[in-house]
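Undergrad: Just the structure for this:
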Amino acid sequence: MGKKLLPVSPAAGKIVPAVSVQPPKGSFSDKHPKFSFRHLEPGSCCLSRCQAKEKAEIIDTLHRLSKLTWGQIWSNPKDGLGAEPLPERAYKKLPLHLREAHKFIVFRFSLKGRLIGFPEDETFHLVLCDRNHKICPS
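TA: As a prediction, the model looks like this:
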């Protein structure tokens with residue numbers, strides 16, 4: 001199992017790795033995810049930089065994920081329609097106002113493409129689109 005990242009502790013000033021990815025708090029395992037673009041950061045990691053093929057892959061991935069429940073997503077392998085925690089080393093590339101309050105996860109939309117964001121209740125808030133697997137390389 002992969003490691004889960006807990007939010008940055010303001011007192012400690014660092015991210016604490018945990019054992020595995022867990023569903024968001026509450027009973028959302030049987031709910032289908034909703035997707036929000038409200039926190040999507042402008043710039044080099046924004047959807048506007050994606051090619052038409054990448055945008056189609058993103059839409060296809062979100063559509064396929066929306067057919068699953070959160071419980072199914074959490075039980076899928078990360079290289080399929082599952083999620084994985086964002087590696088600790090990548091947190092520094094996230095917006096400061098978000099990184100201290102949320103646990104970030106990653107969905108794959110292509111061989112290199114990653115969608116980075118955080119779950120909150122039933123909603124996955126997309127924050128960054130890592131087209132070339134540069135923010136959190138394996």
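
Undergrad: Reduced to three states, what does residue 45 come out as?
TA: Going by DSSP: H, G, I helix; E, B strand; the rest coil, the secondary structure assigned to residue 45 is coil.

Undergrad: now it, nearest residue through space, not along the chain?
TA: What sits nearest to residue 45 in space, not counting adjacent residues and going by C-beta to C-beta, 6 or more residues apart in numbering, is residue 128, at 4.1 Å. (C-beta placed from N, C-alpha, C; glycine too.)

Undergrad: Can you get me a residue count around residue 125?
TA: Neighbour count of residue 125, defined by other C-beta atoms under 10 Å: 18.

Undergrad: which stretches of the chain form helices?
TA: Using DSSP state H, the helices of the chain run over residues 52-66, 70-75, 96-99.

Undergrad: Can you tell me which of those is most buried?
TA: Mean neighbour counts were taken over these using mean count of other C-beta atoms under 10 Å, and the top value, a mean of 18, falls to helix 70-75.

Undergrad: With just CA atoms, put that helix into CSV.
TA: Presented in CSV, the C-alpha positions along helix 70-75 are these (Å, rounded to 0.1, in the frame of the first residue of the first chain):
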residue,chain,number,x,y,z
TRP,A,70,-15.5,6.7,-3.7
GLY,A,71,-15.2,3.2,-2.2
GLN,A,72,-14.5,1.7,-5.6
ILE,A,73,-12.0,4.4,-6.4
TRP,A,74,-10.1,3.8,-3.1
SER,A,75,-9.9,0.1,-3.9
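
Undergrad: which stretches of this protein have low pLDDT?
TA: Scanning the chain for pLDDT under 70 picks out the ranges 1-27, 44, 138.

Undergrad: who are the neighbours in contact with residue 104?
TA: For residue 104, the contact set (C-beta atoms under 8 Å, 6 or more residues apart in numbering) comprises 5, 85, 86, 90, 91, 94, 116, 117, 118, 127.
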